[in-house]
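J.: Starting from these lines, generate the structure:
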Amino acid sequence: MTVERAVTAFAGFMVLLSLALWWLVHPGFIFLTAFVGFNLLQSSFTGFCPAAMVFRKLGIKTEAEAARGQAGGRGLGAAA
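T.: Okay, the predicted model is just below:
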């Protein structure tokens, strides 16, 4: 799993969790849904995503890093 997919999965999980909490616990949990949506929207414009930073610190690779790893581990500066 890559950071991009982990962020998408986490956002989807948080939306479903917040809707369940809204329905079963308290109507105030709808604000968690709004927060997740706002965070996704601002991330699409700015490229800044706190969840992606956490996943990177946990050692999950980005799409680009995973692609480089599958290409034999040779980057731009590697000798042929």
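J.: which residue packs closest to Cys49, ignoring adjacent ones?
T.: Of all residues not flanking Cys49 in the chain, Ser43 sits nearest, at 4.3 Å (Cβ to Cβ, 6 or more residues apart in numbering). Every residue, glycine included, has its C-beta placed from N, CA and C.
J.: Burial check on that neighbour, number of neighbours?
T.: Ser43 has 16 neighbouring residues, counting by other Cβ atoms under 10 Å.
J.: before we move on, what about the one 4 residues further on?
T.: Summarising burial for Gly47: neighbours were counted as other Cβ under 10 Å, giving 8.
J.: Look at it and report its pLDDT.
T.: Looking at Gly47, its pLDDT is 91.
J.: next one: the one 4 residues further on
T.: pLDDT, the model's per-residue confidence, is 93 for Ala51.
J.: for the helix or strand where it lies, packing partners?
T.: Ala51 belongs to helix 50-57 when assigned by DSSP states H and E. Here helix 50-57 touches helix 3-24, helix 30-46, going by 3 or more Cβ pairs under 8 Å, 6 or more residues apart in numbering; DSSP states H and E.
J.: Do me a favour and get the end-to-end distance for stretch 50-67?
T.: Separation of the first and last residues of stretch 50-67 by Cα to Cα, to the nearest Å is 23 Å.
J.: Any regions of this structure where pLDDT drops low?
T.: Along the chain, segments meeting pLDDT under 70 span 71-80.
J.: among the helices and strands packed on helix 50-57, which is the most enclosed?
T.: With neighbours taken as mean count of other Cβ atoms under 10 Å, the helices and strands packed on helix 50-57 reach their highest mean count in helix 3-24, at a mean of 15.
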